[in-house]
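Engineer: only the shape, not the letters, is given here:
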């Protein structure tokens with residue numbers, strides 16, 4: 001009973017050690033993993049669940065896209081044109097090169113790409129990513145972006161004069177760059193010119209949790225880009241659009257405009273409604289890119305960890321492990337109890353050893369010498385007369401005596417002698433001499 005109790009305590013300790021080492025604790029989650037991502041499944045401030053719910057209430061089909069962009073043209077539930085794809089940057093999942101060409105063809109066919117890029121705002125999910133990767137934005141939109149300071153320096157180098165722009169970039173001090181605001185800072189976007197997207201829209205508000213910088217677009221060499229909205233304080237553009245084939249690309253420098261916590265601010269919802277109304281057909285749909293925010297179709301962590309079967313399986317495995325540990329495991333090895341060997345066993349072991357180590361002719365000589373001593377002792381005669389005693393004994397057959405002579409000569413000559421047959425012959429002669 002004591003042994004089983006000790007085994008149970010050790011098993012519980014091993015299970016606790018496993019949980020500590022391999023089960024992710026809440027406090028051990030990194031800042032990047034702990035910050036809510038902008039996905040349709042996220043109900044906290046950074047998610048798009050409110051926008052998706054609003055679209056469904058308005059009878060507009062909203063889809064959580066959990067596959068890569070090369071699957072857009074293959075979807076049978078989407079019309080070929082009149083759809084809107086909302087992509088949020090920065091992404092947690094890298095874009096593949098094979099995705100850009102199918103996306104370009106899909107937009108050119110008559111669809112709209114809306115990129116919510118956290119350029120001029122800095123929400124916590126963008127900050128947790130560790131910096132904005134504008135390479136993805138350039139590949140998705142075909143546009144290049146730079147900070148206001150970089151643009152001023154570039155223009156100054158080209159004109160060989162000091163920059164004269166009145167726009168001043170709000171660049172935080174180095175010591176405050178990584179310090180979050182006590183309350184999210186509001187940044188306002190207003191219309192640059194009359195446009196259908198800004199019908200009924202006076203201002204749009206974005207939220208920044210960390211210090212941010214103002215970015216601007218570089219006009220491409222071929223084509224043009226139209227600045228629809230600007231940041232009210234700096235006057236720099238933050239909403240741009242450009243045609244692409246029969247479709248359109250819209251880029252917002254404020255990445256948090258349509259998230260759960262910002263959708264109800266100012267006229268944010270109205271701006272989203274205007275964009276959807278101008279670009280989505282009656283049969284079209286609004287797609288949210290959840291795949292590149294870590295919510296892929298192949299793996300849904302929330303669904304996996306909320307499945308009751310997972311915990312039932314873990315419970316069964318742990319129970320079976322405890323049964324095996326307590327029922328079939330011993331902490332101490334059983335004591336080996338060996339009995340004292342008997343005389344016959346000792347003789348058998350010594351004989352086996354001698355049979356492997358002693359030459360047959362030497363063993364034969366010793367057997368014969370001992371036999372001859374017994375013969376002389378029984379006859380009371382001299383030692384050298386053993387053969388005479390044997391030859392004159394009435395019970396000893398001549399054939400046995402001849403065989404004994406032959407084996408004696410072989411032993412003296414160093415030739416092999418059958419020990420078992422010799423021993424049997426000597427035993428038989430001893431019995432005959434004793435009678």
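Structural biologist: Ah, there it is. If you're wondering where the values come from, they're calculated on a predicted model, not measured in any experiment. Numbering: from 1, shown residues only.

Engineer: what sits against residue 88?
Structural biologist: Counting by CB atoms under 8 Å, 6 or more residues apart in numbering, residue 88 makes contact with 38, 115-117, 255, 289, 293. C-beta: built from backbone N, CA, C; applies to glycine.

Engineer: let's see 6 Å
Structural biologist: 38, 116 (CB atoms under 6 Å, 6 or more residues apart in numbering).

Engineer: if I've got this straight, it is in a strand?
Structural biologist: Yes. Counting by DSSP: H, G, I helix; E, B strand; the rest coil, residue 88 falls inside a strand.

Engineer: gap between it and residue 232?
Structural biologist: 23 Å (CB to CB, to the nearest Å).

Engineer: same question, residue 353
Structural biologist: 105 Å.

Engineer: out of the two, which sits in the busier spot?
Structural biologist: Between residue 353 and residue 232, counted using other CB atoms under 10 Å, residue 232 has the larger neighbour count: 13 against 10.

Engineer: make sure that one is actually in contact with residue 187.
Structural biologist: No. At 8.1 Å, residue 232 and residue 187 do not qualify as touching, with contact defined as CB atoms under 6 Å.

Engineer: just the helices from the stretch 51-200 of the chain, written as ranges.
Structural biologist: 97-108, 124-128, 134-141, 148-159 (DSSP state H, counting those that start in this stretch).

Engineer: now do the first one against helix 134-141, angle only.
Structural biologist: Between the axis of helix 97-108 and that of helix 134-141 there is an angle of 40 degrees, by axes from the mean of the first three to the mean of the last three CA atoms, to 10 degrees.

Engineer: end to end on stretch 204-212, go ahead and measure it.
Structural biologist: End-to-end distance of stretch 204-212 (CA to CA, to the nearest Å): 17 Å.

Engineer: make TSV from the helices of the stretch 51-200 of the chain and add mean pLDDT, distance to residue 11 and mean neighbour count to it.
Structural biologist: Output for the helices of the stretch 51-200 of the chain, formatted as TSV (pLDDT from 0 to 100; distance: least, CB to CB, whole Å; neighbours: other CB atoms under 10 Å):
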stretch	mean pLDDT	distance to residue 11	mean neighbour count
helix 97-108	93	50	16
helix 124-128	83	40	23
helix 134-141	83	50	18
helix 148-159	72	62	14
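
Engineer: need those in CSV (columns: distance to residue 275).
Structural biologist: Listed next are the helices of the stretch 51-200 of the chain as CSV, based on distance: least, CB to CB, whole Å:
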stretch, distance to residue 275
helix 97-108, 15
helix 124-128, 21
helix 134-141, 16
helix 148-159, 26
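
Engineer: residue 242: which of these is closest?
Structural biologist: Closest approach to residue 242 among the helices of the stretch 51-200 of the chain (CB to CB): helix 134-141, 7.6 Å.

Engineer: what does the closest one rub up against?
Structural biologist: 89, 95, 100, 115, 117, 144-145, 249, 251.

Engineer: which one of those residues is nearest residue 200?
Structural biologist: Nearest to residue 200 among the contacts of helix 134-141, with distances taken as CB to CB, is residue 251, at 21.9 Å.

Engineer: let me know the angle separating whichever helix or strand the closest one is part of from helix 97-108.
Structural biologist: Element membership of residue 251, judged by DSSP states H and E, is strand 247-252. Put simply, strand 247-252 runs at 110 degrees to helix 97-108, going by the same axes, to 10 degrees.

Engineer: one step back: out of the helices of the stretch 51-200 of the chain, nearest to residue 276?
Structural biologist: helix 97-108 (16.3 Å).

Engineer: how far off centre is that closest one?
Structural biologist: 30 Å (CA atoms, centre = their mean, to the nearest Å).

Engineer: residues in contact with it?
Structural biologist: The contact list for helix 97-108, computed with CB under 6 Å, 6+ apart, reads 68-70, 72-73, 113, 139, 244-245, 247.

Engineer: buried subset of the residues you listed, written for PyMOL?
Structural biologist: Selection of buried members from the contacts of helix 97-108 for PyMOL, criterion 16 or more other CB atoms under 10 Å:
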select buried, resi 68+69+70+72+113+244+247
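
Engineer: the contacts of helix 97-108 into a markdown table, with extra columns for distance to residue 429?
Structural biologist: As requested, the contacts of helix 97-108 are exported to a markdown table (distance: CB to CB, whole Å):
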| residue | distance to residue 429 |
| --- | --- |
| 68 | 100 |
| 69 | 105 |
| 70 | 102 |
| 72 | 107 |
| 73 | 107 |
| 113 | 114 |
| 139 | 108 |
| 244 | 118 |
| 245 | 119 |
| 247 | 118 |
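
Engineer: which of the contacts of helix 97-108 sits closest to residue 307?
Structural biologist: residue 68 (25.5 Å).

Engineer: per-residue pLDDT, that closest one?
Structural biologist: At residue 68, the model reports a pLDDT of 90.

Engineer: now for it: which residues touch it?
Structural biologist: Residue 68 neighbours (CB under 6 Å, 6+ apart): 99, 291.
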